[in-house]
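Trainee: generate a structure from the sequence data that follows.
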Amino acid sequence: MRLLEITEIVLFLEEEFKEVDKDLVSGLFLKPIKRTGEKLASIISKVEEYKLGADFKEVVTQYDLDEFTLANIQFGVGGCYMDRLSELNNKDNYWYKDCVSAGVVVVGLGDPYTVLLSIDDGVIYVVSVETSFENKLKIADTFSFLIRGLGTAFYARRKGREEEFLVLAKEYFGENSLTFWEEIVY
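Mentor: Predicted coordinates for the structure are as follows:
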């Protein structure tokens, strides 16, 4: 088994759900972005405002995360994903001060995890009710690696290859991240 490319994940999700009513599973597709001009400029502006880095910018300007969920991690909930980022990172959220102190922004939510992107280096971490911001768990080197890991985990679960995925996850994401990846793949 190998870590799937994002383009392969797009094709796998299309194939996996081709027989299902698209309205029921619309949030499970990773689609190429259809925004151009002003809307794309708005996304780029927000990425730069939050200082989210080139890798994150590349993913969010190529793929539509507006209502995307993958392997129990929800990115968008309808509407514009960049607006969702603003909501997740506004001062009214109880985690706001912790995020500022840790130099991270919330980029996705799952049960039980909150997915964080480091402003300094683009590294992806998670916290949960059991893991504080001081003990945040590194799960991927970049946002694109997170998407690739989640997509590959979903693929492995659907194909009954969970154990192979965990060997791969240890190699790509590190042994310390296995707690997260085990919960994602099983």
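Trainee: so what strands line up beside the top strand by length along the chain?
Mentor: The longest strand of the chain (DSSP state E) is strand 104-110. Strand pairing for strand 104-110, using DSSP bridges, gives strand 73-74 (antiparallel), strand 114-118 (antiparallel).
Trainee: show the average pLDDT along the shortest one.
Mentor: Put plainly, it is strand 73-74. Mean per-residue pLDDT for strand 73-74: 96.
Trainee: what's the answer for the last one, then?
Mentor: If you average the pLDDT over strand 114-118, you get 97.
Trainee: and it, C-alpha only, in CSV?
Mentor: This file holds the C-alpha atoms of strand 114-118, laid out as CSV (Å, rounded to 0.1, in the frame of the first residue of the first chain):
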residue,chain,number,x,y,z
THR,A,114,-10.1,19.4,16.4
VAL,A,115,-7.7,19.7,13.5
LEU,A,116,-5.1,22.6,13.7
LEU,A,117,-2.7,24.1,11.2
SER,A,118,0.5,25.7,12.5
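Trainee: hmm, who's touching it?
Mentor: Here strand 114-118 makes contact (Cβ atoms under 8 Å, 6 or more residues apart in numbering) with 52-53, 56, 73, 95, 99, 102-109, 123-128, 136, 139, 143, 146. Where C-beta positions appear, they are placed from N, C-alpha and C, glycine not excepted.
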